[in-house]
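Asker: one predicted model, sequence on top.
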Amino acid sequence: ASQIIALQERINQMETERAASTEETESSLRRENELLLIATGDLKVNLGDVKASLENTKEQLDAAEKTKSILLEEVQKLQSMLDAQVAHKNDIEQEKLSLTISMTSLQSEIETLRKRELELL
């Protein structure tokens with residue numbers, strides 16, 4: 001009889017320990033679940049921030065692309081103006097050379113006429 005009582009007490013003690021262990025496990029799982037919910041919420045907030053940042057970056061890239069396009073057009077206009085100025089300068093240089101040649105020819109003709117004039121006198 002005392003062995004049965006001892007066994008019964010041992011069974012009761014084991015059931016009490018198991019119940020306490022189960023309660024501890026459930027409590028631990030609840031805490032972990034709460035932490036996971038908090039972490040999931042934080043991740044959702046972070047994901048929202050990342051999406052907003054990406055959208056902002058995309059808008060900045062679009063604006064930069066438009067600016068690049070405008071600047072490229074301006075560079076092309078300036079290049080055309082520069083090309084026209086260089087062509088005009090070349091025309092002036094050619095005209096200058098032509099006038100120099102004409103002046104030299106006239107100078108030579110004047111000298112020839114002076115020699116003839118002297119010969120005639």
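Answerer: Cool, got the structure. Numbers count the residues shown, from 1 in each chain.

Asker: from now on I want contacts and neighbour counts done on CA atoms only, so please keep to that.
Answerer: Will do.

Asker: per-residue pLDDT of residue 120, please?
Answerer: The score at residue 120 is 88. That number is its pLDDT.

Asker: state the number of residues packed around it.
Answerer: Neighbour count for residue 120, taken as other C-alpha atoms under 10 Å: 7.

Asker: does the residue nearest the centre of the chain sit in a helix, a strand or a coil?
Answerer: The centroid of the chain falls nearest to residue 61 when counting by C-alpha atoms, centre = their mean (5.9 Å). When classified by DSSP: H, G, I helix; E, B strand; the rest coil, residue 61 comes out as helix.

Asker: and it, what's its pLDDT?
Answerer: On pLDDT, residue 61 comes in at 98.

Asker: give the contact list for it.
Answerer: Residues near residue 61 by C-alpha atoms under 8 Å, 6 or more residues apart in numbering: none.

Asker: quick one: the helices in the chain?
Answerer: Shown for the chain, the helices assigned by DSSP state H span residues 2-120.
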